[in-house]
Structure formats: structure tokens, C-alpha cells
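*Asks:* give the three-dimensional model of this entry:
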Amino acid sequence: MLPVTSAATLVRFLLLVALVLAAAAVSLLYGSSGLGPADALAALGGGGDETARSIVLDVRLPRTLAAVGVGSVLALAGVLLQALFRNPLADPYVLGVSGGAAVGALAALMAGAGAVATRSGAFAGAIATIALVAVIGRGGGMTRLLLSGVVLASACGAGVAVLLALADSGQLRGMVFWLAGDLGWAQDPWTSTLAALAALALALAFARPLNVLAAGERRAQAVGLDLGLARWAIFLVSAALTSTAVVTAGTIGFVGLVTPHAVRLAFRTGDHRIVAPAAALAGGGFVTLADYAARTIAAPRQLPVGAILALIGAPLFLVLLRSAVSAPRARQ
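*Replies:* Below you'll find the model as predicted:
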């Protein structure tokens with residue numbers, strides 16, 4: 001259950017919901033095809049001509065749902081990992097999951113696999129990386145777990161470089177787009193959408209342990225929290241969320257890093273009962289708008305959504321960083 005600590009918090013939540021709905025509406029009703037909003041609305045209701053229904057129901061709707069789902073799971077994974085490692089720079093790819101998924105997906109693409117087989121390869125690579133990180137980092141605390149993920153991510157990066165060097169020129173475009181993040185692969189958007197809903201429920205269930213972990217180990221021990229169990233549960237959930245996002249849309253960065261910080265600053269709280277659902281909403285809206293930009297700003301060509309997010313996310317993070325530094329000085 002969401003704690004409404006003040007009228008201002010409720011207003012911010014309502015504004016955030018409105019912004020996400022507006023982003024989804026823009027993604028569904030507008031595009032580069034010349035289809036007007038009225039025709040798009042008719043197609044959503046099952047009317048209109050066959051071309052309009054194909055554009056809206058087969059292209060825009062799946063991508064919008066996938067964007068909301070992918071953005072939500074990456075933002076929630078970022079919230080979980082930043083609390084787990086007590087590190088504001090932790091993001092969903094710090095565990096090497098994206099690197100393992102990339103190796104699996106690129107190997108499948110080199111073998112001439114289709115979309116389904118490519119996603120299967122990405123999922124297998126992600127699961128293998130999670131298992132390796134868990135085995136190597138077991139018994140060594142959070143520092144060892146983090147270092148295991150960083151090392152495996154570097155190894156996977158080398159594997160990606162080798163695969164790109166060995167690939168034929170005809171395969172390179174698809175491989176590069178997958179690496180840069182592309183929601184064109186999201187033919188089954190309900191997977192990420194359902195994962196986002198499940199993740200939100202889990203994040204709310206983890207809210208108390210996350211708040212305790214953020215307060216430090218002594219506080220956790222004082223309230224009787226099983227640190228080992230809580231940490232491994234958060235690790236596995238965040239890894240599963242990241243795997244879902246990577247398999248759906250490739251490597252999309254900055255969402256899990258930037259969104260939790262933006263939410264904490266906007267809501268002026270570190271309470272994970274507020275931060276987790278707000279980050280899920282903000283992440284979904286962020287990726288939806290970035291995907292709309294990727295589809296339209298260079299039409300008829302399509303840009304990788306991961307590149308758009310990086311171009312937006314890097315300066316946005318610097319702005320957030322400056323705001324976070326100046327806020328304590330303003331209160332002094």
C-alpha cells in the first residue's frame with residue numbers, strides 16, 4: 001500500500017500518472033506514417049481501414065506497451081540495486097546481465113536465427129551470467145558480488161567485440177541495433193508489461209527491507225532483518241527484471257541509473273514505498289517518449305532507442321547530480 005505522507009506527495013503522483021498517460025497517448029496517436037489522431041483512435045477501437053489498424057495495432061501499440069514495461073522494470077531494478085549496494089551509481093547492468101544477454105543474442109544472430117531464437121539466445125546468456133555471478137560472488141558479501149558482475153561484464157564485452165569482428169556485413173546492422181537497444185524486437189510486449197506489474201508488487205513487498213538496508217547493516221541487525229536472505233532475494237529479482245528488459249529490447253541504458261535519482265529529488269524522499277512505484281511510472285514514461293523520438297525524428301529511418309536514451313540521460317544525470325549537490329547547501 002502506498003503511503004500518502006502529504007497532499008504534495010499525492011499531487012506529484014497524480015501528475016506523474018498524467019505524464020505517463022500523455023506519453024502513451026502521443027506514442028499511440030502520432031507517428032511518421034501520416035496517420036491522424038482521429039484515424040488512430042478509430043483503429044484502436046477496431047474501426048478504420050486495414051492499413052490504419054495494421055499501423056496502430058501491429059506497430060504502435062506493441063511498442064508502446066513494451067516501452068512502458070521495459071522502462072518500468074529497468075527503473076525498478078535500478079531502485080533495488082542502488083539500495084542493495086548502497087551505491088548511487090549502481091544500475092541494472094552492473095551485474096553483467098546485459099553483457100551475457102548480448103553474447104547470446106549476437107551468437108544467435110550470427111547463426112541466422114529469427115526474432116524468437118534471438119530472444120531465446122539472449123535469455124540463455126543472461127541466465128548463464130546470473131548463475132556465474134551468483135556462484136563466484138557467493139559467500140563474499142556485496143563487494144565480491146559487485147566485482148564478479150563487473151568482471152563478467154568486461155569479459156562479455158570482449159566476447160561481443162569478437163562476435164562483431166567475425167560477423168558478415170549483412171548481419172552487422174541488426175547486431176548493432178540490438179546492442180544499441182531497439183523496441184522493434186518487442187513482438188510480445190505483454191511479457192515486459194506483466195513483468196513490470198509483478199516487479200511493482202515485489203518492490204512494494206521489499207519496501208521495508210530496502211528502507212532498512214539503505215539505513216545500514218547495524219539498523220538491519222537491530223530490527224532483526226535476515227541480511228543474507230534479503231540481499232539474495234533483491235539480487236535475484238533485479239537480475240530477473242534486467243533479463244526481461246534486455247531480452248525484450250536489447251541493451252537500453254541510463255533508465256535504471258537516472259530514474260531513481262529523479263524520483264527521489266522530485267518527491268523529496270528516500271522512502272522506497274514511494275520511490276519504487278514512482279520510479280516504475282517515470283521509467284515507463286521515459287522510455288515511451290524516447291521510443292517515439294526514435295521512430296519520428298529521422299523518419300523514415302529509425303534510430304536505436306538506446307542511443308536516444310543515452311543522449312537524453314547523460315545530460316539529465318548531470319543536472320540531477322548538480323541538483324542533489326546544491327540541495328543540501330540550500331538547507332544549511
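*Asks:* just the helices in the stretch 1-150 of the chain please.
*Replies:* According to DSSP state H, counting those that start in this stretch, the stretch 1-150 of the chain carries its helices in the segments 7-29, 37-44, 50-55, 61-85, 97-110, 115-137, 141-166.
*Asks:* go ahead and confirm residue 42 touches residue 57.
*Replies:* No - judged on C-beta atoms under 8 Å, residue 42 makes no contact with residue 57 at a distance of 11.5 Å. Yep, even glycine has a C-beta here, placed from its N, CA and C like the rest.
*Asks:* who has more neighbours out of those two?
*Replies:* residue 42 (17 against 14; other C-beta atoms under 10 Å).
*Asks:* the closest residue to that one other than its chain neighbours: neighbour count?
*Replies:* Closest residue to residue 42 apart from its sequence neighbours, by C-beta to C-beta, 6 or more residues apart in numbering: residue 48 at 4.1 Å. By the criterion of other C-beta under 10 Å, residue 48 has 20 neighbours.
*Asks:* who's in contact with the spatially most central residue of the chain?
*Replies:* Nearest to the mean C-alpha position of the chain, by C-alpha atoms, centre = their mean, lies residue 74 at 2.2 Å. Residues near residue 74 by C-beta atoms under 8 Å, 6 or more residues apart in numbering: 92, 241, 242, 245, 252, 255, 256, 259, 283, 287.
*Asks:* which among those gets closest to residue 310?
*Replies:* Set against residue 310, the nearest of these by C-beta to C-beta is residue 252 (9.0 Å).
*Asks:* please report how far the residue nearest to residue 42 lies from residue 63.
*Replies:* As judged by C-beta to C-beta, to the nearest Å, residue 48 and residue 63 stand 19 Å apart.
*Asks:* and residue 140, what's its pLDDT?
*Replies:* Residue 140 is assigned 68 on the pLDDT scale.
*Asks:* and the one 5 residues further on, by the same measure?
*Replies:* According to the predicted model, the pLDDT of residue 145 comes to 80.
*Asks:* okay, now it: neighbour count?
*Replies:* 23.
*Asks:* show me the shaky parts of the stretch 151-300 of the chain.
*Replies:* Counting by pLDDT under 70, the stretch 151-300 of the chain contains low-confidence residues at 185-187, 189.
*Asks:* now do the helices in it.
*Replies:* 169-180, 190-205, 207-215, 217-222, 227-249, 255-267, 272-296.
*Asks:* could I get those as a markdown table with distance to residue 151 and mean neighbour count?
*Replies:* Shown next, in a markdown table, are these (distance: least, C-beta to C-beta, whole Å; neighbours: other C-beta atoms under 10 Å):
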| stretch | distance to residue 151 | mean neighbour count |
| --- | --- | --- |
| helix 169-180 | 20 | 16 |
| helix 190-205 | 27 | 19 |
| helix 207-215 | 24 | 20 |
| helix 217-222 | 25 | 13 |
| helix 227-249 | 16 | 22 |
| helix 255-267 | 20 | 24 |
| helix 272-296 | 27 | 26 |
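*Asks:* dump those to TSV, plus distance to residue 97.
*Replies:* Listed next are the helices of the stretch 151-300 of the chain as TSV, based on distance: least, C-beta to C-beta, whole Å:
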stretch	distance to residue 97
helix 169-180	14
helix 190-205	14
helix 207-215	20
helix 217-222	26
helix 227-249	4
helix 255-267	11
helix 272-296	17
